[in-house]
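Enquirer: structure, please.
(chains A, B, C and D)
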There are 2 protein chains.
Amino acid sequence: MTGHQAGAGHGKSGRTMTTEHGDERDLGRSLRLLWGDRTRPPRGRPPALDLGRIVAAAVEVADELAVTEGLEALSMRSIANRLGIGTMSLYRYVPGKSELLDLMLDHVVEPHERDVLDGLGWREILSADAHGHWRLCLDHPWYPFVDQSRPLLGPNSLRGLDQLIGALRPFGPDDRSLMMVIGVQYDYVNGAARGHINERRAVARTGVTNEEFWAEQAPTLESALRGGAFPTMADLDPHAFDFSQEQLFEFGLSRLHEGFASVFDGPAGQGRAGAG
Amino acid sequence: MTGHQAGAGHGKSGRTMTTEHGDERDLGRSLRLLWGDRTRPPRGRPPALDLGRIVAAAVEVADELAVTEGLEALSMRSIANRLGIGTMSLYRYVPGKSELLDLMLDHVVEPHERDVLDGLGWREILSADAHGHWRLCLDHPWYPFVDQSRPLLGPNSLRGLDQLIGALRPFGPDDRSLMMVIGVQYDYVNGAARGHINERRAVARTGVTNEEFWAEQAPTLESALRGGAFPTMADLDPHAFDFSQEQLFEFGLSRLHEGFASVFDGPAGQGRAGAG
DNA sequence: CCCATTTCGCGTATGCCATACGCAAATTAG
DNA sequence: CTAATTTGCGTATGGCATACGCGAAATGGG
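Expert: As a prediction, the model looks like this:
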C-alpha cells in the first residue's frame, strides 16, 4: 500500500514519496472482484475489456514506473493510456484506485508449487519463502510499499499462505506461534526490500551512486566529527558501511532464522548456528 | 512520495497512500540547513519566521494528520496555515517539501542520554534502542514511512548513532557487523511500527475494528475453504491470528536478538534463549 | 533624511491527480 | 423498430507542489 507524489510538480521536484493506501475501499466489492462473480448482464452495450486485462496493465505500468518512481507515479490515466482507453472508463470496472491495488496485489503473487517445499527443514522452507518474497518485491518494486494491514485475501495469496503453513506445521509450534513467525518474516522481508528498492531508485533517478552521495556528505560530516562531539563515529572503521542491501538482507534473515530456532527446536537451541 | 488519493477527491475515496520521498532534493542545501550556516544578511526585509519554527510546525501538523491519514496528507498549505502565513512563503526557508522532510526527520530524533546505556549488556542496549525507536514511530506516525535510504545525517541522528555504536562496541564484533546489526534492527522496528500504525489508522479512519473486518471477509473465506483448495487453512486453530501488532513486534524482536547472539557471543550461542 | 538595494511575503498560474456526474453510443429484449 | 440498459468517456471540481514575479519592508550610503 503506497501512494504519493513522486515526480510531481516539474523541474527539480523532490523525492519519491510512496503511497501506501489504506482508505475505506469498498471491501465487499473488492472481494467480489477478487473471487469472481463475473455475471455479465446481456442487457446493454458489452464491455470492451475485462478486469483481468486492466489489472495486468496496471501491474505492467506499475512495474515500469516503480523502478525509478514510487507508486505515486501510477495514475489512473497512465493505466488507461496503456490500454488505449479513456481514463474514466476504468471506473466502470473498478470502484477506485484502492480496489485496483487490492487486485494487483493478488495478481502478482504466484505461490510456488507445494512439491518444492516437500522434504525440506523449517529453515529451508522459511528461506525459500523469504527469497521468493524478496524476488517478488524486486520484480514489482511497488509491492512492499502497499499497506497490507487488513489484506484482502485473494485466491493466490490464500494458496501461498496455505502451502507455507502446511509445510511448516509438522515442525512443531502451535498455530499462533507459526503465524507470528510468518508475520515477522513477512514484515522483515518487506522492510529489507524497501531499503533495497529505495536505494536502487535513488541511483536510477538521480544518477548519483552511493559512493558519490557519501562523498558529498563527507566534508560536513568530517567537520562535525572533528568537533569531538561524536567520539565513537570519529574512529569508526572506514569500511563499516561497506555492505550492500542484499548482504544486509541475508545477514538479517540468517539472524532471524537463528532466533526462530527456539520456536521450532525448543529453547535449548541445538540448531547449528550458522546454517542457512 | 505520493501524489495520490488518500482523502483526495471527496466522498468515499480510498486508502491512505503514504508518501516516502526520495527525489533529487538539494543535498547540499539540506545539509546547510541541518548544520546551521544561518547567516542573516542584514540587508533587506527581515524574515518573519525561522527554520526551526517551520520544522516544528510541520512536525506538529504531520503528527496530527498521520494518525488517520498518511504523509500524503501533509501539504505545504496545511503547514503554512498552521503558521498563519501564505503557502509560498515556506519556500523562502526551504527549497521544497523533500528537504523539509529531511529536517523533520532529524528534528524528531532525540537521542537518549549516554548514561542510560551504561552498564547494560548488548541485549538490553539493543532492546532499549528498539523500544525507543518504536515509541518514536508511534509518537510520529509518519516517521517510519519516510524513505531513509541515503539519510541526511543531522546532529541528532548522528549523536544517537554515535551513542549506540559506542555502547555496543565493547561487546566484540567488528564495526561492520555492528553496523549490520543496527541496520537490521532499524529496518525491523520500522517495519513492525508501520504495521501497527497502518492498523491503527484503518480503525481510526474507517471505524471498523479488526474483528469486524475479518467478520466481513469470513463468508467469502469460508466458502473458499469449503471448496477444499486450502486444506491447511481450513483446519487452522481459529485463534491463530489472535495477537496484536505489539505482541508481534516483541516476539520478532526477541527472535532477532536471539539471532544476534552469534554475532556478539560467538557462534556457540551460550546466551539464554528467552532473555530480553 | 531619502533612496537605491536587497530580501521577504505571497498572489497567481501551470500542470498533475482522483474522481463525481451526465450524456451519447452500443446492444438487445420485446 | 423502439425502449431499456449498460458502457465509454468528456468535462468539471477541488487538491497538490511549486515556478514566477510583483509589491512591501528594512537598511546602508549619500
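Enquirer: do you know the pLDDT at A:P267?
Expert: As summarised for this prediction, A:P267 has a pLDDT of 75.
Enquirer: tell me, how many residues neighbour the residue of chain A found nearest DNA strand D?
Expert: In chain A, the residue that lies nearest DNA strand D is A:G44 (2.1 Å; Cβ to the nearest atom of the strand). To be clear about C-beta, it is placed using only N, CA and C from the backbone, and glycine gets the same treatment. Per other Cβ atoms under 10 Å in any protein chain shown, the neighbour tally for A:G44 reads 6.
Enquirer: just A:Q247 next, same as before
Expert: For A:Q247, the count of nearby residues is 12 (other Cβ under 10 Å).
Enquirer: which residue packs closest to it, ignoring adjacent ones?
Expert: Leaving out its chain neighbours, the residue that sits closest to A:Q247 by Cβ to Cβ, 6 or more residues apart in numbering or on different chains is B:M180, at 7.6 Å.
Enquirer: just how off-centre is the helix or strand hosting that neighbour within its chain?
Expert: Using DSSP states H and E, B:M180 maps to helix B:175-206. Averaging C-alpha positions (Cα atoms, centre = their mean, to the nearest Å) puts helix B:175-206 6 Å from its chain's average.
Enquirer: got the angle between it and helix A:175-206?
Expert: Per axes from the mean of the first three to the mean of the last three Cα atoms, to 10 degrees, the angle that helix B:175-206 makes with helix A:175-206 is 100 degrees.
Enquirer: right, and the helix or strand after helix B:175-206?
Expert: Next helix or strand after helix B:175-206 toward the C-terminus (DSSP H and E): helix B:210-226.
Enquirer: next, the buried residues of that following helix.
Expert: If you call a residue buried by 16 or more other Cβ atoms under 10 Å in any protein chain shown, then helix B:210-226 has these buried ones: B:F213, B:Q217, B:T220, B:L221, B:A224, B:L225.
Enquirer: elements contacting it?
Expert: With contacts taken as 3 or more Cβ pairs under 8 Å, 6 or more residues apart in numbering or on different chains; DSSP states H and E, helix B:210-226 sits against helix A:27-34, helix A:155-168, helix B:175-206, helix B:231-234.
Enquirer: thinking again about what came up before, who's in contact with the residue nearest to A:Q247?
Expert: A:F243, A:Q247, A:L248, A:F251, A:G252 (Cβ atoms under 8 Å, 6 or more residues apart in numbering or on different chains).
Enquirer: mind running it again at 7 Å?
Expert: Residues near B:M180 by Cβ atoms under 7 Å, 6 or more residues apart in numbering or on different chains: A:F243, A:L248, A:F251.
Enquirer: which among those count as buried?
Expert: Buried members of the contacts of B:M180, counted by 16+ other Cβ under 10 Å: A:F243, A:L248, A:F251.
Enquirer: apart from its chain neighbours, what residue comes closest to the first one?
Expert: With sequence-adjacent residues excluded and distances taken as Cβ to Cβ, 6+ apart, A:F243 is closest to B:M180, at 6.1 Å.
Enquirer: look up the pLDDT of the one you found for me, please.
Expert: For B:M180, pLDDT reads 98.
Enquirer: get me the contact residues on chain A for DNA strand C.
Expert: Residues of chain A lying close to DNA strand C by Cβ under 7 Å from any atom of the strand are A:8-10, A:42-46, A:74-78, A:87-88, A:91, A:96-98.
Enquirer: ok, now which ones touch A:V203?
Expert: With Cβ under 7 Å, 6+ apart, A:V203 has these contacts: A:T209.
Enquirer: recalculate using a threshold of 8 Å.
Expert: Contacts for A:V203 (Cβ under 8 Å, 6+ apart) come out as A:T209, A:N210.
Enquirer: pLDDT score for it?
Expert: 91.
Enquirer: again, but for A:D237
Expert: As predicted, A:D237 sits at a pLDDT of 93.
Enquirer: how many residues are close by it?
Expert: By other Cβ under 10 Å, neighbour count at A:D237 equals 12.
Enquirer: wasn't it part of a strand?
Expert: No - secondary structure of A:D237 (DSSP: H, G, I helix; E, B strand; the rest coil): coil, not part of a strand.
Enquirer: could the buried residues of helix B:210-226 go into a markdown table alongside pLDDT?
Expert: As requested, the buried residues of helix B:210-226 are exported to a markdown table (pLDDT from 0 to 100):
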| residue | pLDDT |
| --- | --- |
| B:F213 | 88 |
| B:Q217 | 83 |
| B:T220 | 83 |
| B:L221 | 87 |
| B:A224 | 88 |
| B:L225 | 91 |
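Enquirer: which among these gets closest to B:F260?
Expert: For those, the closest approach to B:F260 (Cβ to Cβ) belongs to B:F213, at 34.9 Å.
Enquirer: you'd agree the closest one is up against A:S149?
Expert: No - assessed by Cβ atoms under 8 Å, B:F213 is found out of contact with A:S149, at 9.5 Å.
Enquirer: what do those two both touch?
Expert: B:A202.
Enquirer: show me what residue of the stretch 101-250 of chain A gets nearest to DNA strand C.
Expert: Closest residue of the stretch 101-250 of chain A to DNA strand C, Cβ to the nearest atom of the strand: A:L101 (9.9 Å).
Enquirer: quick one: secondary structure of that residue?
Expert: Strictly by three-state DSSP, A:L101 counts as helix.
Enquirer: what distance do you get for it to A:R159?
Expert: 20 Å (Cβ to Cβ, to the nearest Å).
Enquirer: doesn't A:E60 belong to a helix?
Expert: Yes - A:E60 forms part of a helix when assessed by three-state DSSP.
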